[in-house]
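here's a sequence, model it:
(one chain, ligands or ions: 1)
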Amino acid sequence: MRLRNIPGSREVIADSNICIHEEEKAKGRWKEIFGNDHPIEIEIGMGKGQFILAKAQQNPDINYVGIEKFSSVLLRGIQKVEELREEGNAPENLRFIRMEAEHITEVFDKDEVSKIYLNFSDPWPKDRHAKRRLPSKEFLGRYDQILIPEGTLEFKTDNQDLFTFALEETDLAGWNKLAVTRDLHHDAVLNEGNIMTEYEAKFSAMGNPICKLILNRNK
Ligand code: SAM
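Now for the predicted structure:
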C-alpha cells in the first residue's frame, strides 16, 4: 500500500470514538463494549475499511472490528464513518483498532471471535519474513486462541504465491479447507454476496484472478 504520512492522523484516531483505545483492556469485554452478545467478526489489515464498513451496514446483528497498523490508512476508514454519521447512517456495530496484528491475543480472549477476514494481506515475499504473513502457521496459532470452536477464517488475495503458501500453512497447522478457488469472480457459489475490497477492485480490474480460501479447525 502506498503510504503518505498524513499529519494529524494519530490525533484524529485518539479523538475518534469508533476507535478502541488501550485495546488490551478490551480483552474479555467485547460484549460490554458493543452492549450486546452478537457474534464478533474481525478483519485484520482492513486498509481504508471499504469491506468491513459494507459488512457492518449489511449485517446489523453482527459486530465488526477492523484492525489496521497504519494511522494514515485507518484515518480514511474513520473519515468514511464520520461522513455517514453526519447523514445519520453510521453503523453502531463497527469499531476500529490501530494495532499490529501480532498482538491479537492480547486484545481478544478465547472464544471471543466468530470469524476472521484476511483480505489482500501483505505478501512479505522474502523467505525470512514468512512468519509475518498473516495466513502463516504462526498467525493461525494466534487465531486458534481467539476463535470460537466453529469459527472460520476467510482469506482473499490475487497473489498466487501467497495463496499457495496459505494452503500449505493450513495443512501444517492442521486446519480444514472448507472452500478453495483460484478464480472467485467466476465461481457462482463462492462469489455470491462477495464484497469487493479496495485491492480486489483494483487487481481484478487489471485482469488478475482473485483467490479465496475458507478454513476452520478440527474442534
Ligand atoms: N484489506 C484491504 C483491501 O483488501 O483493500 C487492504 C489491503 S493492503 C494490501 C494490506 C493492509 O494490511 C495494509 O493497510 C497494511 O497496513 C495492513 N497490515 C498488514 N500487516 C498488518 C499487521 N501485521 N497488522 C495490522 N495491519 C496490517
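
contacts only, for Val65.
When contacts are counted by Cβ atoms under 8 Å, 6 or more residues apart in numbering, Val65 touches Ile20, Trp30, Ile40, Glu41, Ile42, Glu43, Leu94, Arg95, Phe96, Ile97. In this view, the C-beta of every residue, glycine as well, is placed from N, C-alpha and C.

and the gap between the first one and the ligand?
Okay, so that is Ile20. 14 Å (Cβ to the nearest ligand atom, to the nearest Å).

for that residue, report the pLDDT, please.
Per-residue confidence (pLDDT) for Ile20: 96.

run through the bridge partners of the residue nearest in space to the middle of the chain.
Centroid-nearest residue in the chain, with Cα atoms, centre = their mean: Glu43, separated by 1.5 Å. Counting by DSSP bridges, Glu43 is bridged to Gly66, Tyr117.

and the strands in this structure, which stretches?
40-44, 63-68, 94-98, 113-119, 147-157, 176-181, 211-216 (DSSP state E).

how about the ones you listed in TSV, adding mean pLDDT and distance to the ligand?
Output for the strands of the chain, formatted as TSV (pLDDT from 0 to 100; distance: least, Cβ to the nearest ligand atom, whole Å):
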stretch	mean pLDDT	distance to the ligand
strand 40-44	98	6
strand 63-68	98	5
strand 94-98	97	8
strand 113-119	98	4
strand 147-157	98	7
strand 176-181	98	17
strand 211-216	98	12
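
deepest-packed of the ones you listed, please.
Mean neighbour count (mean count of other Cβ atoms under 10 Å) peaks for strand 63-68 among the strands of the chain, with a mean of 27.

how close does the closest residue in space to Ser72 that isn't next to it in sequence sit to Ala26?
Excluding its sequence neighbours, the residue lying closest to Ser72 (Cβ to Cβ, 6 or more residues apart in numbering) is Ile6, at 4.4 Å. Ile6 sits at a distance of 25 Å from Ala26 (criterion: Cβ to Cβ, to the nearest Å).

more neighbours: the two, which one.
Ala26 (20 against 14; other Cβ atoms under 10 Å).

what about the helices in this structure?
9-15, 30-34, 50-58, 71-86, 137-146, 160-173, 198-205 (DSSP state H).

do you know which of these lies nearest the ligand?
The ligand sits nearest to helix 198-205 of all these, at 3.5 Å, using Cβ to the nearest ligand atom.

now do that closest one: everything it contacts.
By Cβ under 8 Å, 6+ apart, helix 198-205 touches Gly47, Lys48, Gln50, Phe51, Asn119, Phe120, Lys156, Asp158, His185, Met196, Ile210.

report the two of the residues you listed separated the most.
For the contacts of helix 198-205, the maximum inter-member distance is 21.1 Å, found between Lys48 and His185 (Cβ to Cβ).

ok, now which ones touch the nearest residue to Leu190 once chain neighbours are set aside?
Spatially, and ignoring its direct neighbours in sequence, Leu190 is nearest to Thr181 (5.3 Å; Cβ to Cβ, 6+ apart). Thr181 makes contact with Asp187, Leu190, Cys211, Lys212, according to Cβ under 8 Å, 6+ apart.
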